[in-house]
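> Take a look and give me a structure for this.
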Amino acid sequence: MRAELKKFKGFNLKNLPEFEGFAPGHRACQGCGTVLPVKLALKALGPNTIAVSTTGCIEIISTPFPYTSWKIPWIHAAFENAASVASGIEAAIKVLKRKGKISKKQKINVVVFAGDGATFDIGLQFLSGALERGHDFIYICLDNEAYMNTGVQRSAATPYGAHTTTSPAGKVIKGQITWKKNLMGIVVAHNIPYAATASPAFPIDLMNKVKKASLVNGPGFIHVLSPCPTGWGCKSEDSILTAKLAVETRIFPLYEVIDGKYILNRKIDKPKPIEEYFKLQRRFRHLTPEQIEYIKKRVDEEYEKLVKLCECFGVES
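Sure, this is the predicted structure:
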């Protein structure tokens with residue numbers, strides 16, 4: 001493992017930073033699974049951070065003029081180009097350090113917050129370019145599995161079988177007909193130093209991964225599953241339970257990829273029934289037993305592939 005990561009002892013309940021970079025009073029829906037990861041990420045990164053966010057839920061709920069929830073420098077980017085904007089900021093910081101305007105020893109984090117639409121779909125080309133160039137920034141995908149801000153349209157992150165306004169569950173076609181894009185596989189193929197999945201249901205794990213992404217020299221990518229009570233049709237008080245069940249049913253495994261080495265953070269030997277996850281969400285209420293079994297088979301197959309990848313390098317937790 002990289003030397004800079006070995007030195008990091010990790011956060012725990014006794015040493016959590018007091019810094020809060022995202023203020024209360026925002027306009028998010030109750031139980032929003034996007035706001036908590038943002039708060040946790042900024043707590044892990046600290047005040048020397050510049051944030052970039054795309055058009056989407058996080059922008060709308062945090063910056064209704066003339067108010068803002070951001071306690072750090074924040075830049076709004078178009079739907080597609082947050083990675084390019086972050087690349088420019090990172091390059092500008094390098095120039096300022098070279099000219100002596102900023103101390104070379106000062107660590108300034110550049111972090112992107114973008115939804116699945118802006119990451120899986122519209123911004124994928126820009127993200128790929130930034131990763132390939134090796135810019136030193138953190139990209140956090142807040143994946144609520146559809147274009148929620150504009151009315152719950154499907155995205156490439158929408159899971160198979162889910163009902164959205166553009167993949168409605170009818171008598172013939174029952175919801176989304178394609179599988180969720182393997183974004184982590186695409187990101188890892190760029191040979192970046194750090195990539196990981198995270199969940200708001202496991203806050204310490206999420207904070208540690210964001211911090212690790214900031215410590216490596218080069219791009220860090222965090223894929224966060226962010227339940228949306230409005231779009232998923234779950235109760236606002238169940239959003240964290242829903243995120244937890246996504247992990248415990250193997251639907252959304254927690255793992256890291258450090259310099260190409262896969263590390264499984266939470267091995268699920270006895271997964272909870274996938275029905276427990278589905279029954280909390282109206283977007284899946286149309287699924288037949290046959291469809292559920294079909295999805296379960298695919299989930300288990302993908303999970304076993306991941307386990308084998310991790311075993312190649314030695315499973316860690």
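
> Could I get the full set of helices for the stretch 51-200 of the chain?
In the stretch 51-200 of the chain, helices defined by DSSP state H, counting those that start in this stretch lie at 57-62, 82-98, 116, 124-133, 183-188, listed in chain order.

> average model confidence for the second one?
Mean pLDDT, computed over helix 82-98, is 97.

> Ok, the shortest one next?
Per-residue pLDDT over helix 116 has a mean of 98.

> Can you tell me which of the helices of the stretch 51-200 of the chain is most buried?
By mean neighbour count, with neighbours taken as mean count of other C-beta atoms under 10 Å, helix 116 ranks first of the helices of the stretch 51-200 of the chain at a mean of 27. Where you see a C-beta, it was placed from the backbone N, CA and C, and this is true even at glycine.

> which residues are in contact with stretch 272-287?
For stretch 272-287, contacts defined as C-beta atoms under 8 Å, 6 or more residues apart in numbering pick out 161-164, 169, 174-175, 231-235, 238, 241-242, 245-246, 248-249, 251, 292, 295-296, 299.

> I'd like to know which of those residues are buried.
Those of the contacts of stretch 272-287 that meet the buried threshold are 161-164, 169, 174-175, 231-234, 238, 241-242, 245-246, 248-249, 251, 292, 295-296, 299, by 16 or more other C-beta atoms under 10 Å.

> Take the helices of the stretch 51-200 of the chain and write them to TSV, including distance to Asn15.
What follows is the helices of the stretch 51-200 of the chain, written out as TSV (distance: least, C-beta to C-beta, whole Å):
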stretch	distance to Asn15
helix 57-62	27
helix 82-98	28
helix 116	32
helix 124-133	31
helix 183-188	29
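
> Which one, of those, ends up nearest to Met207?
Met207 sits nearest to helix 57-62 of all the helices of the stretch 51-200 of the chain, at 17.8 Å, using C-beta to C-beta.

> In terms of secondary structure, what does the closest one contact?
helix 35-45, strand 109-115 (3 or more C-beta pairs under 8 Å, 6 or more residues apart in numbering; DSSP states H and E).

> Any chance of those in JSON lines with mean neighbour count as columns?
Below are those laid out as JSON lines (neighbours: other C-beta atoms under 10 Å):
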{"stretch": "helix 35-45", "mean neighbour count": "25"}
{"stretch": "strand 109-115", "mean neighbour count": "28"}
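
> mind checking which of those is nearest Ile72?
Ranking the helices and strands packed on helix 57-62 by proximity to Ile72 (C-beta to C-beta) places helix 35-45 first, at 6.7 Å.

> How far does the closest one sit from its chain's centre?
Offset of helix 35-45 from its chain centre (C-alpha atoms, centre = their mean, to the nearest Å): 11 Å.

> how big is the angle separating it from strand 109-115?
Between the axes of helix 35-45 and strand 109-115, defined by axes from the mean of the first three to the mean of the last three C-alpha atoms, to 10 degrees, the angle is 170 degrees.

> Ala83 - nearest residue in space that isn't next to it in sequence?
Distance criterion C-beta to C-beta, 6 or more residues apart in numbering; nearest residue to Ala83, sequence neighbours excluded, is Ala130 at 4.0 Å.

> Sorry, wrong one. I was asking about Phe113.
The nearest residue in space to Phe113 (C-beta to C-beta, 6+ apart) is Ser53, at 4.4 Å.

> quick one: contacts for the one you found?
59, 62, 74-77, 82, 112-114.

> repeat that for 7 Å
59, 74, 76-77, 82, 113-114 (C-beta atoms under 7 Å, 6 or more residues apart in numbering).

> Please identify which pair of these lies farthest apart.
The widest separation within the contacts of Ser53 (C-beta to C-beta) is 13.3 Å, between Trp74 and Ala114.

> Would you agree Pro193 is in contact with Ser214?
No. Counting by C-beta atoms under 7 Å, Pro193 does not reach Ser214; the two are 11.4 Å apart.

> what touches both of these two?
Counting by C-beta under 7 Å, 6+ apart, nothing touches both Pro193 and Ser214.

> coming back round to it: who does the residue nearest to Phe113 form a beta bridge with?
Counting by DSSP bridges, Ser53 forms beta bridges with His76, Phe113.

> per-residue pLDDT, it?
On the pLDDT scale, Ser53 gets 97.

> and if you look at Arg2?
We have a pLDDT of 75 for Arg2.

> how many neighbours does it have?
Neighbour count for Arg2, taken as other C-beta atoms under 10 Å: 15.

> Could you tell me which residues within stretch 303-317 count as buried?
By 16+ other C-beta under 10 Å, the buried positions in stretch 303-317 come out as 303, 306-307, 309-310.

> hmm, I was thinking of stretch 66-80
Of the residues in stretch 66-80, 69-70, 72, 74-75, 77, 79-80 count as buried by neighbour count, 16+ other C-beta under 10 Å.

> closest to Ala44 among those?
Nearest to Ala44 among the buried residues of stretch 66-80, with distances taken as C-beta to C-beta, is Ile72, at 12.7 Å.

> separation between the closest one and Thr197?
25 Å (C-beta to C-beta, to the nearest Å).
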